[in-house]
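Student: sequence and predicted structure, then a few things I'm wondering about:
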Amino acid sequence: MRITAALVTTPGGPFTLHDVDIDKPRPDEILVRITAAGICHTDLTMRRAWSPKRLPMVFGHEGAGIVEAVGDDVATVVPGDQVCLSFRSCGECPECGDGHRAYCRRSDLNTRGGRPDAITSEHGPVFGDFFGQSSFATYALAHESNTVKIPADFPAALAAPLGCGVQTGAGTVLNVLDTGPADTLVIFGAGGVGLSAVMAAAAQGGTVVAVDPIPARRQLARDLGAAEALDPATPDLVKALRALTNGGAHQAIDTTGRSGVIQQAIAALRRRGTLALVGMGGSAEFDIMTVMTNGIRIRGVIEGDADPAAFIPKLIAMRLPLEKIVTEYPFAEIETAAQDAVAGRTIKPVLKIWD
C-alpha cells in the first residue's frame with residue numbers, strides 16, 4: 001500500500017513528508033489508519049541521537065486510528081475498531097507476567113526501529129516499528145500488546161497522547177505514588193507529562209503544587225487543579241515549597257531529568273517522602289545522607305508503570321480535561337509542531353492525519 005510518512009533522513013534533521021510503501025500485516029500484526037498522532041519529547045530526543053545506519057526512519061509513538069486490517073493470529077481487535085497505540089511489550093518475561101509491562105526485558109521492541117522490510121521507498125528500505133508503531137504516517141503496523149480498543153466516539157486527538165505522555169504523568173500518580181486526599185505532591189515541570197500528573201492528582205483529591213518557568217503553564221496548572229504554581233526562580237524555592245506543603249511534600253515528581261531540579265525535589269520532601277523520576281536525563285548528584293536520614297524513597301518510572309490494555313480505558317473513563325493541553329496541527333505541519341514543542345509554545349502537539 002502506498003502511504004505518506006514523515007521521515008527523518010539525517011541525525012537531528014527535520015521531519016519531511018514522503019510517499020512510501022507499507023507491507024501488509026504479518027499474522028501477528030495490525031494495520032492501523034492513523035487519524036491522530038501526538039508528538040512526544042522522546043521522538044524529538046531520539047531523532048537527534050538516532051544512528052545514521054538506521055535512517056531514514058519513521059518515528060511517532062502516540063498514535064490513534066482505525067483498524068484497517070489484521071493478521072490471522074490477531075484476536076483482540078477487528079477492522080473498523082478505533083484504537084489507541086502505546087508501547088510494545090513481550091508478554092512473556094517476569095516483569096510482563098507481574099503486570100509491569102513498562103519494564104519488559106525486551107526494551108528493544110520499542111527502540112530498535114526494526115522490520116526494515118515493512119516500509120520501503122524508491123531509494124530502498126525505511127526503518128520503522130518505533131515503539132511497535134511508527135505513527136508519524138497515514139498508516140502504521142502495530143501489535144496486539146500495544147493496540148488498545150477504545151470507544152468509537154472518543155476524539156482521536158485526545159486519545160493519541162494517552163499512549164505515552166498522559167499515561168506517564170497520570171500513571172505515576174495513580175499506579176506508583178497512589179496519591180490520595182491526604183497527600184501533598186510537588187510536580188517539577190508543567191509540560192504534557194507534568195500537567196497530566198496535575199490532572200490525575202487533582203482528580204484523586206491530592207494537594208498539588210507545580211513548578212515551571214512559563215507563566216501560562218503555571219496558570220494552566222492552577223486551572224487544572226493545582227493549589228499553587230511557582231516559578232523555579234522564586235527566591236528560596238525549597239523553603240516556599242515546604243511552607244506550601246506544611247513542612248514538606250509527601251511526594252514529588254521530576255519531569256525535567258536535571259540534576260539541580262532533582263536536588264530541589266529531594267529537599268522539598270518531608271521525612272519518608274517519595275520522589276518519582278520520569279524525565280529523561282543523564283546523571284544526577286544528590287546528598288546521600290539527606291536521603292538516608294530522612295528515609296527518602298527515589299523511584300524511577302517508565303510509562304507510568306502501566307499496562308496499556310487496562311490503564312488507557314481507565315484514563316478515558318476519568319474524562320480528564322485533556323483538551324486544555326492539546327494543540328492540533330495538520331500532518332503537513334509536523335516540523336512546525338515539533339519546533340513549537342521544543343520552544344515551549346505548545347504543550348502537547350497532536351497531528352491530525354486523517355479527518
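Tutor: Arrived safely.

Student: residue ranges of the helices in the stretch 101-250 of the chain, please?
Tutor: 108-111, 156-159, 165-171, 192-203, 215-223, 237-244 (DSSP state H, counting those that start in this stretch).

Student: spell out the secondary structure type for the closest residue to residue 247 other than its chain neighbours.
Tutor: Nearest non-adjacent residue to residue 247, counting by C-beta to C-beta, 6 or more residues apart in numbering: residue 270, 5.7 Å away. The C-beta positions use only the backbone N, C-alpha and C, and glycine is treated the same way. Following DSSP: H, G, I helix; E, B strand; the rest coil, residue 270 is assigned to strand.

Student: residues contacting residue 270?
Tutor: By C-beta atoms under 8 Å, 6 or more residues apart in numbering, the contact set of residue 270 is 242, 245, 247-250, 294.

Student: now list the buried members of the residues you listed.
Tutor: Buried by 16 or more other C-beta atoms under 10 Å: 242, 245, 248-250, 294, out of the contacts of residue 270.

Student: can I get those in JSON lines with pLDDT and distance to residue 50?
Tutor: Shown next, in JSON lines, are these (pLDDT from 0 to 100; distance: C-beta to C-beta, whole Å):
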{"residue": "242", "pLDDT": "98", "distance to residue 50": "42"}
{"residue": "245", "pLDDT": "98", "distance to residue 50": "41"}
{"residue": "248", "pLDDT": "98", "distance to residue 50": "41"}
{"residue": "249", "pLDDT": "98", "distance to residue 50": "37"}
{"residue": "250", "pLDDT": "98", "distance to residue 50": "39"}
{"residue": "294", "pLDDT": "97", "distance to residue 50": "40"}
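
Student: one step back: go through the helices of the stretch 101-250 of the chain and name the closest to residue 85.
Tutor: Nearest to residue 85 among those is helix 156-159; the distance by C-beta to C-beta comes to 9.3 Å.

Student: extract the C-alpha trace of the closest one and format it as PDB.
Tutor: Listed next in PDB are the C-alpha coordinates belonging to helix 156-159 (Å, rounded to 0.1, in the frame of the first residue of the first chain):
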ATOM      1  CA  ALA A 156      -8.700  10.800  18.300                       C
ATOM      2  CA  ALA A 157      -6.800  14.000  19.100                       C
ATOM      3  CA  LEU A 158      -7.400  13.300  22.800                       C
ATOM      4  CA  ALA A 159      -6.800   9.500  22.500                       C
END
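
Student: domains of this protein?
Tutor: By the record's domain assignment, the chain is partitioned as 2-163+325-352, 167-303 (automatic domain parsing).

Student: could you dump these to JSON lines with distance to residue 309?
Tutor: Below are the domains of the chain laid out as JSON lines (distance: least, C-beta to C-beta, whole Å):
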{"stretch": "domain 2-163+325-352", "distance to residue 309": "5"}
{"stretch": "domain 167-303", "distance to residue 309": "12"}
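
Student: so which of the ones you listed comes closest to residue 314?
Tutor: Short answer: domain 167-303, nearest of those by C-beta to C-beta, at 7.9 Å.

Student: and the closest one, how far apart are its ends?
Tutor: Using C-alpha to C-alpha, to the nearest Å, the end-to-end distance of domain 167-303 comes to 6 Å.

Student: kindly report the same for stretch 144-161.
Tutor: One end of stretch 144-161 to the other measures 18 Å (C-alpha to C-alpha).

Student: distance between that stretch and the chain's centre?
Tutor: 14 Å (C-alpha atoms, centre = their mean, to the nearest Å).

Student: now stretch 30-47: average pLDDT?
Tutor: Mean pLDDT, stretch 30-47: 96.

Student: buried residues of that stretch, list them for me.
Tutor: 30-44, 46-47.

Student: is it true that residue 173 touches residue 202?
Tutor: No. Using C-beta atoms under 8 Å, residue 173 is not in contact with residue 202, being 9.4 Å away.

Student: neighbour count: those two, which is higher?
Tutor: residue 173 (29 against 21; other C-beta atoms under 10 Å).

Student: so how far is residue 304 from that one?
Tutor: 8 Å (C-beta to C-beta, to the nearest Å).

Student: skip the chain neighbours and tell me the closest residue to residue 265.
Tutor: residue 252 (4.3 Å).

Student: and what about that neighbour, helix, strand or coil?
Tutor: Going by three-state DSSP: residue 252 is strand.

Student: tally of neighbours for residue 234?
Tutor: Neighbour count for residue 234, taken as other C-beta under 10 Å: 12.
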